[in-house]
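Asks: All I have is the shape, not the residue letters:
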């Protein structure tokens with residue numbers, strides 16, 4: 001049963017990935033203007049020179065021909081050359097990915113640790129203060145956009161207090177995204193753990209005098225693992241958008257900044273490659289989260 005579901009899920013992922021590649025290519029061409037138009041605004045190019053440049057860059061060909069050519073080269077590992085900078089697009093994307101992954105991984109770890117700590121503490125102790133913190137963090141993720149929090153963070157910690165640099169800081173975006181991630185996980189996780197803490201085996205463990213940390217690790221966390229994994233998959237998906245936004249705001253050289261610069265310059269190969277990498281990453285995250293969720297929770301196989 002699991003093998004069949006894995007095969008079906010893989011087929012769905014491949015189909016979704018292919019559809020997204022086509023959609024991204026079409027949307028790139030819908031945007032008015034191209035790289036030659038941008039360069040013409042920056043310099044004195046005659047219409048003849050613009051036409052010749054489009055011919056050299058292959059922009060005078062039909063969209064279908066451009067897509068077939070790009071797809072064939074992409075499958076061979078060649079993402080083309082940047083129309084603005086003349087650099088291999090694969091190298092530009094490869095240089096941007098580590099920054100994006102570092103920001104996403106750091107904020108996800110911070111968010112998961114904060115959510116688990118608050119949810120377990122509130123469920124085990126029944127503390128009203130910790131329960132209020134759970135509600136506050138959850139409200140933060142609902143009511144405060146990460147971009148707005150980033151702007152306020154720059155004003156407070158970089159401009160007014162001078163503790164952090166305005167450009168290139170990892171600390172603020174990791175904390176902002178971490179709190180936002182925690183808010184999406186902590187409330188349902190707290191409810192699940194509170195129900196689990198009233199179970200018979202947990203009451204028996206308390207009656208035996210087991211320390212709270214052992215009860216939390218060996219009795220509560222296994223019960224909450226499926227919920228945590230399911231929520232983590234959703235958080236990772238939404239984390240991509242927040243990561244790309246804060247990269248631009250804090251001047252981090254990741255996929256978000258690369259994509260924005262490609263949009264501004266109508267650099268089709270770079271924009272296509274960056275958008276495809278992001279989209280395929282989302283498809284992969286959703287697929288792996290679904291498979292892991294079914295592996296941990298056998299009830300989903302029924």
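Replies: In hand now; what should we look at? A quick note: this is a predicted structure, and the numbers were derived from the prediction, not measured. Residues are numbered from 1 along each chain as shown.
Asks: mind listing the helices for the stretch 101-250 of the chain?
Replies: 128-143, 146-153, 171-197, 200-207, 212-215, 221-250 (DSSP state H, counting those that start in this stretch).
Asks: distance between the first one and the chain's centre?
Replies: Right, the one you point to is helix 128-143. In terms of Cα atoms, centre = their mean, to the nearest Å, the centre of helix 128-143 is set 23 Å apart from its chain centre.
Asks: One more: the fourth one?
Replies: Once both centres are worked out by Cα atoms, centre = their mean, helix 200-207 turns out to sit 39 Å from its chain's centre.
Asks: Then the third one?
Replies: Between the centre of helix 171-197 and the centre of its host chain there is 16 Å, according to Cα atoms, centre = their mean.
Asks: got the angle for it vs helix 146-153?
Replies: Counting by axes from the mean of the first three to the mean of the last three Cα atoms, to 10 degrees, helix 171-197 lies at 120 degrees to helix 146-153.
Asks: Going by neighbour count, which residues in helix 171-197 are buried?
Replies: Under the neighbour-count criterion of 16 or more other Cβ atoms under 10 Å, helix 171-197 has 172-190, 192-194, 196-197 buried. For the C-beta atoms, the positions are set from N, CA and C on the backbone; glycine is no exception.
Asks: elements contacting that helix?
Replies: The contact analysis (3 or more Cβ pairs under 8 Å, 6 or more residues apart in numbering; DSSP states H and E) places helix 171-197 against helix 89-125, helix 128-143, helix 146-153, helix 221-250.
Asks: between the helices of the stretch 101-250 of the chain, which gets nearest to residue 67?
Replies: With Cβ to Cβ as the criterion, residue 67 lies closest to helix 221-250 of the helices of the stretch 101-250 of the chain, at 24.3 Å.
Asks: need the contact list for the residue nearest the centre of the chain.
Replies: In the chain, the residue lying closest to the centroid (Cα atoms, centre = their mean) is residue 240, at 1.7 Å. Residue 240 sits next to 104, 278, 281, 282 when contact means Cβ atoms under 8 Å, 6 or more residues apart in numbering.
Asks: so the last one sits right up against residue 237, yeah?
Replies: This points to residue 282. Yes: using Cβ atoms under 8 Å, residue 282 is in contact with residue 237, at 5.8 Å.
Asks: Which one's more surrounded, the two?
Replies: residue 282 (18 against 15; other Cβ atoms under 10 Å).
Asks: Please report how far the more buried one lies from residue 116.
Replies: Counting by Cβ to Cβ, to the nearest Å, the separation of residue 282 from residue 116 is 24 Å.
Asks: just residue 236 next, same as before
Replies: 16 Å.
Asks: Can you pull out the low-pLDDT segments for the stretch 151-300 of the chain?
Replies: Applying pLDDT under 70 to the stretch 151-300 of the chain picks out residues 198, 212-213, 293, 295-300.
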